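In: from the sequence below, what's the structure:
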Amino acid sequence: MSTVTGAVDATQGGVPKYTKKDFESDQDVRWCPGCGDYAILSAIQKTMPDLGIPKEDIVFISGIGCSSRFRYYMNTYGFHTIHGRAPAIATGLRVARPELKIFVVTGDGDGLSIGGNHMLHVLRRNVNLTILLFNNRIYGLTKGQYSPTSELGKVTKSTPVGSVDRPINPLSFALGCGATFVARTVDRTIPHMDEMLKRASAHKGTSFVEILQNCNVYNDLAWNVIYDRESKVQHELRLEHGKPLLFGPPDDRRALIMQGVTPKVVRAKDVPESALWVHDETNVNAAKLIADLFAPDFPIPVGVLAAVDAPVYEDLILQQEQKAISDRGPGDIAKLLTSGDTWKIS
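Out: I've put the predicted structure just below:
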């Protein structure tokens with residue numbers, strides 16, 4: 001566990017007035033030059049002061065992998081835990097210390113392979129924490145093996161003739177597990193990443209943000225369809241609540257409509273405005289359809305897919321605890337341990 005260092009004199013609304021530098025640790029950042037993690041780190045450090053949370057109340061918890069080194073570079077409290085178990089550690093901390101703001105940083109391998117079971121349960125329970133999943137479609141720390149999100153046929157050191165595994169879609173996974181906030185952003189679009197981080201942090205319950213991230217050493221330009229300027233214009237779909245699902249260049253706008261229960265791409269000018277699919281963050285069923293869209297046949301959705309209210313796990317736990325205390329008193333652990341059937345060994 002690491003501790004917070006440094007101090008800030010000025011205050012604003014009872015919370016110190018921080019700057020990005022206040023969230024930079026004294027550790028040397030040890031990612032490969034050019035890694036997308038640098039941009040994500042900078043964006044998160046820049047966003048932290050705007051959250052209005054005392055630094056000593058912020059915790060970053062990570063598992064194992066390139067992404068999971070993240071916690072060393074944040075000047076906050078945090079844990080670097082074991083492979084895939086960050087959601088379980090975070091759940092325990094959240095129940096024990098519900099006043100803390102907890103972020104889980106993980107990758108497509110750490111979070112969706114060995115950690116898939118733990119990810120499932122933190123999402124369905126709706127624990128009040130923010131999960132940031134860096135997705136570069138590869139195992140970077142262990143030198144380029146295929147990951148749960150690698151595309152079918154992916155040639156890597158562990159799949160020399162191509163992967164036969166069907167990839168996991170992190171957004172579909174999260175929605176299928178009952179996540180109450182699901183979003184996607186890209187490591188190269190800093191203003192949008194900043195917006196998604198703030199939205200996710202403000203959500204009450206488990207917020208899940210997939211960040212498309214580049215590994216320039218073992219899987220360079222895996223997301224080039226949304227990196228290349230011309231391709232990005234053609235394929236990026238910015239989701240905005242209450243607005244039609246439109247994308248493409250200004251002179252040839254495309255639209256998503258529903259043909260029965262199937263999404264369909266049409267020229268926006270060819271359909272009446274009433275036929276356009278209007279994005280509704282509160283419609284989880286619609287979000288599940290949007291999550292499965294991807295190039296080349298469909299646009300690539302970026303933004304908040306779903307944001308709904310649901311009971312929060314630790315609130316329910318604390319309500320049960322308070323009711324038990326009210327009904328039966330505060331309890332006595334020594335008395336409990338010596339109650340019932342006991343015996344002595346001589």
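
In: how about Asn75, nearest residue that isn't a chain neighbour?
Out: Ser25 (4.5 Å; Cβ to Cβ, 6 or more residues apart in numbering). From N, CA and C alone the C-beta is placed, and that goes for glycine too.

In: neighbours of that neighbour, how many?
Out: Number of residues near Ser25 (other Cβ atoms under 10 Å) recorded here: 18.

In: quick one, helices of the stretch 101-250 of the chain?
Out: For the stretch 101-250 of the chain, the helices defined by DSSP state H, counting those that start in this stretch cover 108-109, 116-125, 170-176, 190-202, 224-227, 229-235.

In: buried set for the last one?
Out: Which is helix 229-235. The neighbour-count check on helix 229-235 (16 or more other Cβ atoms under 10 Å) flags 232, 234-235 as buried.

In: and the fourth one, by the same measure?
Out: Residues of helix 190-202 classed as buried: 190, 192-197, 199-201 (neighbour count, 16+ other Cβ under 10 Å).

In: before we move on, what about the second one?
Out: Neighbour-count burial for helix 116-125 flags 116, 118-120, 122-123, 125 (criterion: 16+ other Cβ under 10 Å).

In: same question, the fifth one
Out: Applying a neighbour-count criterion of 16+ other Cβ under 10 Å, one finds 225-227 buried in helix 224-227.

In: out of those, who's nearest Ile211?
Out: Proximity to Ile211 was ranked across these by Cβ to Cβ; first place goes to Ile226, at 12.1 Å.

In: report the contact partners of that closest one.
Out: 186, 212, 232, 235-236, 295, 300, 302 (Cβ atoms under 8 Å, 6 or more residues apart in numbering).

In: filter these down to the buried ones.
Out: For these, buried by 16+ other Cβ under 10 Å: 186, 212, 232, 235-236, 300, 302.

In: for those, give me JSON lines that also has distance to Val29 and pLDDT.
Out: Formatted as JSON lines, the buried ones among the contacts of Ile226 follow (distance: Cβ to Cβ, whole Å; pLDDT from 0 to 100):
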{"residue": "Val186", "distance to Val29": "20", "pLDDT": "98"}
{"residue": "Leu212", "distance to Val29": "20", "pLDDT": "98"}
{"residue": "Lys232", "distance to Val29": "27", "pLDDT": "97"}
{"residue": "His235", "distance to Val29": "31", "pLDDT": "97"}
{"residue": "Glu236", "distance to Val29": "29", "pLDDT": "98"}
{"residue": "Ile300", "distance to Val29": "29", "pLDDT": "98"}
{"residue": "Val302", "distance to Val29": "26", "pLDDT": "98"}
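
In: these in strands, which ones?
Out: Per DSSP state E, strands hold the following members of the buried ones among the contacts of Ile226: 186, 212, 236, 300, 302.

In: so how far is Trp223 from the fourth one?
Out: By that I understand Ile300. 9 Å (Cβ to Cβ, to the nearest Å).

In: for the chain, what helix or strand is lowest in average pLDDT?
Out: For the chain, using mean pLDDT, DSSP states H and E, the weakest element among its helices and strands is strand 11-12, scoring a mean of 60.
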